[in-house]
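Colleague: Show me the folded form of this:
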Amino acid sequence: MTLSALDFVLASKRSEITGLQQLLQMGKLVGAVSQLIHVLQRERGTANIYLGSQGKTWGDRLSERALQVQLAEQAVSQQLAALDLHGQPMANASRLFSRIAGVLHSLSTLPSLRAQVQALSIQQPDAMSRYSEVIRIHLALVFEAADTSGDPSVSRALLAMFSFMQGKELAAQERALGAAGFTARHFDEQTHQQLLALIESQERCFQTFTEFADPRCLALWQQQLSADSSEFERFRRIACTSATPSGEASDVALRWFDVTTARIDGMKIVEDLLEDVLTECCRQRIRDAERAGELQQQEIGQIPRHDPHYAALIPPQLSRSVLELVEQQSRQLQAQDAELAGLRTTLAERKVVERAKGLLMQHHGMSEPQAHKTLRDMAMNQNKKLSDIADAMLSVAAVLGKSAS
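Modeller: Coordinates of the predicted model:
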């Protein structure tokens with residue numbers, strides 16, 4: 001049987017629906033990863049206080065935190081099992097599956113890290129760094145998921161969620177670093193600079209979030225910002241300016257942890273709404289595409305396209321309907337492509353900056369805020385875009401890698 005233009009119009013719509021269903025499943029995975037990151041952040045903070053107090057504080061909470069992480073891991077595993085590894089391939093599947101492999105490997109390193117923390121055989125900065133690397137790998141998976149979307153509205157929701165999750169992770173790093181400093185009753189100049197960099201980086205992430213977020217999420221975020229306590233700001237000033245905080249170390253550290261945890265829990269509420277918006281967006285787009293497909297089926301049902309004299313039998317008005325269907329679908333795809341082009345540019349720039357930061361973190365032992373500051377300073381000094389500097393750094397690294405081999 002000879003295939004007609006109408007067969008491919010319908011095939012295009014079916015492919016669009018399949019892609020949206022894959023995005024819906026990806027959104028569920030992102031939600032599960034969001035919860036896993038949240039409990040990993042708590043475990044990291046608890047470990048910081050335990051190590052900073054030389055095992056005197058919160059030893060009884062370590063196993064509870066580990067259990068929460070293990071339960072969240074199971075939820076992620078369930079979502080991974082639901083992915084179709086052998087059906088219709090999704091966009092950027094190779095990189096996405098590589099990220100998933102990285103996530104699973106990073107989780108396998110946690111038992112040995114926990115044993116070292118429990119035995120006090122690892123220093124607090126090293127433990128924090130290892131926990132942060134596990135969380136960074138999870139965030140990279142969310143970022144890759146954003147790059148699988150071929151739908152502008154879903155891409156915006158994913159970008160908003162990734163940016164917010166990244167900002168929340170930096171807030172959790174601030175909590176963990178501050179907890180260690182208050183427990184030890186000392187903040188050196190390097191820690192001051194790290195905290196200031198974390199605060200600045202949070203603002204940068206939340207600014208990106210505001211550019212792409214749903215109005216409901218923006219309103220909730222403003223509500224959470226207004227709920228930030230004056231006590232939190234006072235603690236922050238102490239941590240960023242004072243070498244020796246006053247008060248009993250354990251009491252001050254635990255109060256800092258409680259205050260910052262309330263702030264981060266508020267962020268999780270926003271994050272959960274972002275997940276709901278993402279899921280709602282995917283489902284609405286699927287409903288819209290299915291309705292459009294049904295209308296197309298009804299219109300196509302009037303056309304005798306399988307008759308051997310098909311072309312001759314089509315009345316002029318139906319011939320025009322075929323052309324209108326093809327042109328309508330073409331216009332819709334062109335409009336999506338135009339909107340996606342801007343989002344893809346943002347994604348590409350973010351991706352190259354993230355890769356360059358990862359290079360600095362891996363080879364120079366920098367934290368995420370330090371790596372970003374290094375790139376930003378280079379961009380300012382050379383009067384270039386941050387993404388251009390990152391791209392040049394990656395190109396040099398690639399050339400050096402080839403030379404070494």
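Colleague: use CA for all of it now, contacts and neighbours both
Modeller: OK.
Colleague: any idea which residue sits dead centre in the protein?
Modeller: Nearest to the geometric centre of the chain sits F162, at 3.0 Å (Cα atoms, centre = their mean).
Colleague: so how far is the strand or helix carrying that one from its chain's centroid?
Modeller: If you go by DSSP states H and E, F162 is part of helix 152-184. Computed by Cα atoms, centre = their mean, to the nearest Å, the chain-centroid distance of helix 152-184 equals 10 Å.
Colleague: In terms of secondary structure, what does that helix contact?
Modeller: The contact analysis (3 or more Cα pairs under 8 Å, 6 or more residues apart in numbering; DSSP states H and E) places helix 152-184 against helix 5-52, helix 124-146, helix 189-212, helix 230-241, helix 249-300, helix 316-364.
Colleague: now that helix: mean pLDDT?
Modeller: The pLDDT scores in helix 152-184 average 89.
Colleague: That one to helix 230-241, inter-axis angle?
Modeller: With axes from the mean of the first three to the mean of the last three Cα atoms, to 10 degrees defining the directions, helix 152-184 sits at 70 degrees from helix 230-241.
Colleague: Point out where the protein drops to low pLDDT.
Modeller: Applying pLDDT under 70 to the chain flags residues 1-7, 9, 85-92, 246-249, 296, 298-344, 347, 398-405.
Colleague: That one - how does it break down into domains?
Modeller: Domain ranges of the chain: 5-284, 313-404, per automatic domain parsing.
Colleague: I'd like to know which of those lies nearest to A292.
Modeller: Smallest distance to A292 across those (Cα to Cα): 8.2 Å, for domain 5-284.
Colleague: now the closest one: how far from the chain's centre is it?
Modeller: Computed by Cα atoms, centre = their mean, the chain-centroid distance of domain 5-284 equals 8 Å.
Colleague: quick one, what contacts I49?
Modeller: Listed by Cα atoms under 8 Å, 6 or more residues apart in numbering, the contact set of I49 reads 57-58, 176, 179-180, 183, 253.
Colleague: And these, which is closest to L67?
Modeller: W58 (14.9 Å).
Colleague: What count of nearby residues applies to that closest one?
Modeller: By the criterion of other Cα atoms under 10 Å, W58 has 16 neighbours.
Colleague: again, but for the one 5 residues further on
Modeller: Neighbouring residues of S63 were enumerated by other Cα under 10 Å; the total is 14.
Colleague: Quick check: next helix or strand after the strand or helix carrying it?
Modeller: For S63, the host element (DSSP H and E) is helix 62-81. Per DSSP H and E, the first helix or strand lying C-terminal to helix 62-81 is helix 93-108.
Colleague: Which strands and helices lie in contact with that following helix?
Modeller: helix 124-146.
Colleague: Give the buried residues for the helix it packs on.
Modeller: For helix 124-146, a neighbour-count test (16 or more other Cα atoms under 10 Å) marks 124, 127-146 as buried.
Colleague: Put together TSV for the helices and strands packed on helix 152-184, with distance to Q224 on each row.
Modeller: Listed next are these as TSV, based on distance: least, Cα to Cα, whole Å:
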stretch	distance to Q224
helix 5-52	17
helix 124-146	22
helix 189-212	13
helix 230-241	13
helix 249-300	6
helix 316-364	26
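Colleague: and the residue nearest to T241 when sequence neighbours are not counted, how many neighbours?
Modeller: Closest residue in space to T241, ignoring its immediate chain neighbours: H192 at 6.8 Å, by Cα to Cα, 6 or more residues apart in numbering. Using other Cα under 10 Å, the number of residues around H192 comes to 21.
Colleague: any idea how far H192 is from V252?
Modeller: 17 Å (Cα to Cα, to the nearest Å).
Colleague: Then A371?
Modeller: Note on A371: its distance to V252, by Cα to Cα, is 30 Å.
Colleague: cool, and P111?
Modeller: The gap separating P111 from V252 is 30 Å, by Cα to Cα.
Colleague: which among the contacts of I49 gets closest to K28?
Modeller: Among the contacts of I49, A176 lies closest to K28 (Cα to Cα), at 28.1 Å.
Colleague: Q41: what's it in contact with?
Modeller: Residues counted as contacts of Q41 (Cα under 8 Å, 6+ apart) are 135, 169, 172-173.
Colleague: who's in contact with stretch 13-26?
Modeller: Applying Cα under 8 Å, 6+ apart, the external contacts of stretch 13-26 come out as 79, 82-83, 90, 145, 148-151, 154, 279, 282-283, 285-286, 289-290, 293.
Colleague: Show the buried residues in the residues you listed.
Modeller: Neighbour-count burial (16+ other Cα under 10 Å) is assigned, among the contacts of stretch 13-26, to 79, 90, 145, 148-151, 154, 279, 282-283, 285-286, 289-290, 293.
Colleague: Now the two most distant members of those.
Modeller: Q79 and G293 (28.2 Å).
Colleague: Distance from whichever strand or helix holds N381 to the middle of the chain?
Modeller: Here N381 is covered by helix 368-382, with elements defined by DSSP H and E. Relative to the chain's own centre, helix 368-382 is displaced by 22 Å; criterion: Cα atoms, centre = their mean.
Colleague: Just the CA coordinates for that helix, please, in PDB.
Modeller: These are the backbone C-alpha positions of helix 368-382, laid out as PDB (Å, rounded to 0.1, in the frame of the first residue of the first chain):
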ATOM      1  CA  GLU A 368      31.000  24.900  43.000                       C
ATOM      2  CA  PRO A 369      30.800  28.600  44.100                       C
ATOM      3  CA  GLN A 370      34.600  28.900  43.800                       C
ATOM      4  CA  ALA A 371      34.600  27.400  40.300                       C
ATOM      5  CA  HIS A 372      31.800  29.700  39.200                       C
ATOM      6  CA  LYS A 373      33.600  32.700  40.700                       C
ATOM      7  CA  THR A 374      36.800  31.700  38.800                       C
ATOM      8  CA  LEU A 375      34.900  31.500  35.500                       C
ATOM      9  CA  ARG A 376      33.000  34.800  36.200                       C
ATOM     10  CA  ASP A 377      36.300  36.600  37.000                       C
ATOM     11  CA  MET A 378      37.900  35.400  33.800                       C
ATOM     12  CA  ALA A 379      34.800  36.500  31.800                       C
ATOM     13  CA  MET A 380      34.900  40.000  33.400                       C
ATOM     14  CA  ASN A 381      38.700  40.400  32.900                       C
ATOM     15  CA  GLN A 382      38.400  39.400  29.200                       C
END
